[in-house]
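Student: sequence first, predicted model second:
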Amino acid sequence: MTIDHIDLSRIDLNLLVALDALLAERSVTRAAARIGIGQSAMSSALARLRTLFGDELLTRAPEGMRPTPRALALAEPLRVLLRQVQGLVRRDEAFDPRTVVRSFTISLPDSTEVLLGTRLLAHLRREAPGISLLLRSVDRAHILEEIDADRVDLAIDLSFRGQTHHKQRLLYRDSYVCLFNAAQVGLTPPISLDDYLRFPHVLTSLRGTAHGVVDDALAKLGLARTLAVTSPRFVAVPFLVRSAPVLTTMHARLAHLFAETLGLTVSPVPVALDAITVGMLWHASYDDDPAHRWLRDLLRRLADEPAVPS
C-alpha cells in the first residue's frame, strides 16, 4: 500500500500516544498522568480522536470508561505500531545496562522470587544499577489483560495460554520431591508410599483450593492423603514443615534450597508426578526492546545456575 504523505501529515501522531494511554488506563485522569499532560488536554485529545476515527472509542460506564468494539480492535495494532516507532527512533542507541535507567514490573509466584530474586538483585546492583524492579504476585485469571494493558512487563509462571501478540520462552524445567523434618517424622529417604500417606501434608495452592497434582495422582491409584494445611505461599511451607510432623511435596529446586537453609530432608516422591515447566511471557511489542531482551536473557542465564551452590 502506497503511503499518502499528504493525508498522513494531517494526523497528529501524538493522538495515537494518547489513545494508547486511554485504552490502557480507561480513565482520562489516569491516562493524562501516564503521559504527563493535563486532564483537560487529554479530554481534548479524546474529542479529536473520536473525530479522527468516527467512533466514540470510550464510553462512560460504572467501572470507568469502556472501550467500544472499534477501540478494542485498534488496541493491539496501535501498541505494536508505537513500539515499532520507538524502536526505529532508538535503533542507533547502543544499549548499555550500566547506564540504562528503567523500571520493570514482573508478575511471578513467590517460589520463583525465592529461587531467582536474590541472584537477580545482586546482578542488577552490580551490572545495571539503574534498573529497578516491581515484583507482583501472579494473577493467573487476569495476567494476559495486565500484559496487554502494559501494567506488567514480564510474567513468570508454570504455564500460559497466550495469544498471537504474546511471546513466550522457557525459563526452566523442574520435578517434584518430598520435603520434611526428619526429626519430627522419624523418616529417612527414600520414603515409602505407606509412610507418605501415613503423615498429613502441607499443600501450596495458588488457586485457594485444597487439591493439587498429588491428589490427582493418588486418585488414579484409588488412594487419598490427609491435608493439615493449605497455603497460597511457598515461602511459608518449609517453616510449617519444620515445626510439625508433616510432609510437603514441592518443586525440587525450591525444596533443595529450603532443605539446605533450614536443615530439612528431601526424598523422592513415592508416586509418579509429571515434570513441570516454568516460562516467561511478554507482549510482542517488547520483543526487540533492548532492555527487555537483556532482562529476559539474564533471567534465563540465572535459571541455569544451581539454586544451592555446590
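Tutor: Here it is on my side, so go on.

Student: and the pLDDT at Val89?
Tutor: You'll see Val89 listed with a pLDDT of 69.

Student: typo on my end, Ala24
Tutor: The per-residue pLDDT reported for Ala24 equals 87.

Student: the helices in this structure, which residues?
Tutor: 5-9, 14-25, 28-35, 39-53, 69-90, 110-127, 143-148, 182-185, 193-198, 213-220, 237-243, 252-262, 290-304 (DSSP state H).

Student: helices or strands up against the fifth one?
Tutor: Using 3 or more CB pairs under 8 Å, 6 or more residues apart in numbering; DSSP states H and E as the contact test, the elements touching helix 69-90 are helix 14-25, helix 143-148. C-beta here means a position set from N, CA and C on the backbone, and glycine is covered the same way.

Student: most tightly packed of the ones you listed?
Tutor: When neighbours are counted by mean count of other CB atoms under 10 Å, the highest per-stretch mean among the helices and strands packed on helix 69-90 falls to helix 14-25, a mean of 20.

Student: packing partners for that helix?
Tutor: The contact analysis (3+ CB pairs under 8 Å, 6+ apart) places helix 14-25 against helix 28-35, helix 39-53, helix 69-90.

Student: single out the most deeply packed of those helices.
Tutor: That would be helix 28-35, which, of these, has the most neighbours on average (mean count of other CB under 10 Å), namely a mean of 18.

Student: what angle do it and helix 39-53 make?
Tutor: 100 degrees (axes from the mean of the first three to the mean of the last three CA atoms, to 10 degrees).

Student: helix 28-35 packs against which elements?
Tutor: helix 14-25, helix 39-53.

Student: would a markdown table of the helices and strands packed on helix 69-90 with distance to Arg300 be doable?
Tutor: Converted to a markdown table, those look like this (distance: least, CB to CB, whole Å):
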| stretch | distance to Arg300 |
| --- | --- |
| helix 14-25 | 28 |
| helix 143-148 | 19 |
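
Student: nearest to Asp288, out of those helices?
Tutor: Of all the helices and strands packed on helix 69-90, it is helix 143-148 that lies closest to Asp288, at 16.5 Å by CB to CB.

Student: check which helices and strands the closest one sits against.
Tutor: Secondary-structure packing of helix 143-148 (3+ CB pairs under 8 Å, 6+ apart): helix 69-90, strand 154-157, strand 276-283.

Student: contacts for that helix next, please.
Tutor: Outside of helix 143-148, the residues within contact range by CB atoms under 8 Å, 6 or more residues apart in numbering are 75-76, 79, 107, 139, 152, 155, 157, 160, 162-163, 165-166, 281-283.

Student: next up, phi/psi of the residue lying closest to Glu127 once chain neighbours are set aside, please.
Tutor: Residue nearest to Glu127 in three dimensions, not counting chain neighbours: Pro97, with 5.5 Å by CB to CB, 6 or more residues apart in numbering. When quoted as degrees, to the nearest 10, the phi and psi of Pro97 stand at phi -60, psi -20.

Student: just the one 3 residues further on next, same as before
Tutor: With angles defined as degrees, to the nearest 10, Val100 shows backbone torsions of phi -70, psi 140.

Student: just to check, it is in contact with Ile131?
Tutor: Yes - between Val100 and Ile131 there is a contact at 6.4 Å, judged by CB atoms under 8 Å.

Student: who's more crowded, the two?
Tutor: Each of Val100 and Ile131 had its neighbours counted (other CB atoms under 10 Å), and the higher figure belongs to Ile131 (20 against 15).

Student: burial of the closest residue to Val235 other than its chain neighbours, as a residue count?
Tutor: Counting by CB to CB, 6+ apart, Asp110 is the residue found nearest to Val235 once chain neighbours are left out, at 5.2 Å. Neighbours of Asp110 under the rule other CB under 10 Å: 19.

Student: what's the closest of the helices and strands packed on helix 28-35 to Arg126?
Tutor: Proximity of those to Arg126 was assessed by CB to CB; the nearest stretch is helix 14-25, lying at 33.1 Å.

Student: got the contact list for that closest one?
Tutor: Outside of helix 14-25, the residues within contact range by CB under 8 Å, 6+ apart are 28, 31-32, 34-35, 37, 42, 45-46, 48-49, 52, 57-58, 65, 67, 71, 74-75, 78-79, 81-82, 149-151.

Student: let me see the confidence value for Trp270.
Tutor: One thing to correct before we go on: residue 270 is Pro, not Trp. As summarised for this prediction, Pro270 has a pLDDT of 97.

Student: low-confidence stretches in the stretch 201-310 of the chain?
Tutor: Low-confidence segments of the stretch 201-310 of the chain (pLDDT under 70): 307-310.

Student: thanks a lot, see you next time.
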